[in-house]
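Asker: Have a look; sequence and predicted model below, questions after that.
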Amino acid sequence: MSAKSTDSDEGERESSGAAAGASDLAARVVSSAAHDIGGFIRAQREAAQVSMRQLAQLAGVSNPYLSQIERGLRKPSADVLAQIAKGLRVSSEVLYVQAGYLEQRPHSPIRDAVLADTSISERQKQVLLEIYDSFCRENDSTRPAAVAQSAAPTTHPDSDLPEGEHHDR
């Protein structure tokens, strides 16, 4: 066997090893996320004093499937998470964040009040929060201009001098 083919074989092994390493890392990340959400769901279920069987029925999933979710063997879809959240009477946003489907948003009294309100649906809560977030973003983007305007002295309409300062004519 020539040195050239040996070098080629080593390169192939290294690249396939790197690909396998990346694949293993991805599998560990997915497994970790599934385990985290499963443990979180189990903790929420136990805190609510709901049996696994009851939650499975409320969420419209099988008991074995819910068990696999709680043990971190399966990562539920967003739809299943929404049904589990409904069964646990928690915000689906909380489960989406925990599962990695949504980014954590900063807490605010408005957000907390909307999420805690039991008189509106989860979908209505999400719409309200999206509108609220868009208003906050809009205000943040216009705030520097508004601050600069309020800091600038106002001028008298007939002169270039700030109000209150008049030349004797």
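Answerer: Structure's in. What do you need?
Asker: Can you classify Q49 as helix, strand or coil?
Answerer: At Q49, secondary structure determined by DSSP: H, G, I helix; E, B strand; the rest coil is coil.
Asker: tell me the pLDDT at it?
Answerer: The predicted local confidence for Q49 comes out at a pLDDT of 92.
Asker: how close does it get to R42?
Answerer: Taking C-beta to C-beta, to the nearest Å as the measure, Q49 falls 13 Å from R42. Just so you know, the C-beta spots here come from the backbone N, C-alpha and C atoms, and that holds for glycine as well.
Asker: Where does the prediction get shaky in the chain?
Answerer: 1-35, 105, 143-169 (pLDDT under 70).
Asker: how about the helices in it?
Answerer: Per DSSP state H, the chain has helices spanning 3-47, 52-59, 63-70, 78-88, 92-99, 109-116, 122-151. These are given in chain order.
Asker: rewinding a little: quick one, which of Q49 and R42 is more surrounded?
Answerer: Looking at Q49 and R42 with other C-beta atoms under 10 Å, you find the greater number of neighbours at R42, namely 18 against 7.
Asker: ok now do the more buried one, which residues does it touch?
Answerer: For R42, the set of contacting residues under the criterion of C-beta atoms under 8 Å, 6 or more residues apart in numbering consists of E70.
Asker: And for the nearest residue to Y132 once chain neighbours are set aside, the neighbour number?
Answerer: On the basis of C-beta to C-beta, 6 or more residues apart in numbering, the spatially nearest residue to Y132 that is not a chain neighbour turns out to be I110, at 6.0 Å. When counting by other C-beta under 10 Å, one arrives at 12 neighbours for I110.
Asker: now swap in S92 and tell me
Answerer: The criterion is other C-beta under 10 Å. On that basis, S92 has 23 neighbouring residues.
Asker: How about it, nearest residue that isn't a chain neighbour?
Answerer: The shortest distance from S92 to any non-neighbouring residue, by C-beta to C-beta, 6+ apart, is to A85 (3.9 Å).
Asker: My guess is that neighbour contacts L95. True?
Answerer: Yes: the criterion here is C-beta atoms under 8 Å, and A85 meets it with L95 at 4.9 Å.
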